[in-house]
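**Q** Give me the fold of what follows.
(one chain, ligands or ions: 2)
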Amino acid sequence: MSKTFAVIPVSRFTDAKTRLSPTLTALERENLLKSMLKDVINVLDNVVNKVVVISSDKDVLTFVKEIGALPIEEEGTTDLNGALMQAIKWCSQSCDKVLVVPSDVPLIRKSHVEEILKMGENFGMVIAPAKGGGTNALLCPTSKIEMKFGECSFFEHIKEAESNNISYGIYDSFYMSLDVNTAEDLGEIMIHGSGTETKSFLKRSGLNVRSNHGSERLHVNRGKKT
Ligand SMILES: Nc1nc2c(ncn2[C@@H]2O[C@H](COP(=O)(O)OP(=O)(O)OP(=O)(O)O)[C@@H](O)[C@H]2O)c(=O)[nH]1
Ligand SMILES: C[C@H](OP(=O)(O)O)C(=O)O
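**A** Numbering: from 1, shown residues only. Ligands and ions are numbered 1, 2, ... in the order given. Next up, the predicted model:
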């Protein structure tokens, strides 16, 4: 079977999860990112041939090396897609497929990765949709496919496959669809994330969650259980 490397793009620790700034302090957001990286890298490292992390932050690169990933420093001033294309070009020296996974999908499981790779035997590209129209996993060739992460990237990546005559399969998973961007997403991790570093971190941070049959499904707050 051909080799597959995983690629995880990671922002600077100081820029981590800015959409969560109303809920978490800057240090909490950095530690949340570290917890999610442990969950994602530990799962991927058990399945793919190598886990590569690309970031412009030397502290991120040091951290991920300590937990078994291969760090690549971003060259020049690039954005998320530019960073990914740089990492994919590096991977293309050793493998013909990459599995791009963002750092903020802590409910990823070994079975998800195995099933995506299995689907990849029948499709040129396999994509796992995120809530809100994003992309939470993308298995693709190391050539021909441009990275289109950003607004509604799920559909942009499908357009990319279609315009390059590459077959694609959609990996439909509730757990894989949960990327962490909002307080409610934190609540989902707290109710579904049994056994993850991320859930443990959130509980230690004093966050509580309860079901809320109102404008939001879950109510997340600090302090005493409500
Ligand atoms: N290497 C690299 N990774 C990035 C960059 N921007 C975002 N990422 C990573 O790409 C993945 C998805 O990004 P987002 O969901 O937007 O994460 P984020 O930028 O921390 O979140 P917000 O600040 O709330 O938008 C996460 O793993 C981020 O850490 C970048 O400029 N370079
Ligand atoms: C990077 C982006 O993540 P979101 O901002 O949608 O969480 C995407 O999935 O393409």
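**Q** Over to V51. Which of the three states is it?
**A** strand (DSSP: H, G, I helix; E, B strand; the rest coil).
**Q** Does it touch D45 like I think?
**A** Yes. Applying CB atoms under 8 Å, one finds V51 in contact with D45, separated by 5.2 Å. Backbone N, C-alpha and C define where each C-beta goes, glycine included.
**Q** Mutual contacts of these two, please.
**A** 68-69 (CB atoms under 8 Å, 6 or more residues apart in numbering).
**Q** higher neighbour count, the two?
**A** V51 (24 against 16; other CB atoms under 10 Å).
**Q** which residues touch the more buried one?
**A** Counted by CB under 8 Å, 6+ apart, V51 has contacts 5-6, 8, 41, 44-45, 68-70.
**Q** Please report the distance of it from K38.
**A** 12 Å (CB to CB, to the nearest Å).
**Q** got it, and A183?
**A** On the measure of CB to CB, A183 and K38 end up 21 Å apart.
**Q** which bits of the protein sit near ligand 1?
**A** 9-11, 16-19, 54-55, 74, 79-80, 83, 102-104, 181 (CB under 6 Å from any ligand atom).
**Q** just checking, what packs against the top helix by length along the chain?
**A** Counting by DSSP state H, the longest helix found in the chain is helix 26-45. For helix 26-45, the elements it packs on are strand 4-9, strand 50-55, helix 58-66, helix 110-119, helix 197-204, judged by 3 or more CB pairs under 8 Å, 6 or more residues apart in numbering; DSSP states H and E.
**Q** got a list of contacts for the third one?
**A** I take that to be helix 58-66. Counting by CB under 8 Å, 6+ apart, 8, 10-13, 34, 37, 41, 53, 55, 71-73 sit against helix 58-66.
**Q** Run a quick neighbour tally on G76.
**A** 8.
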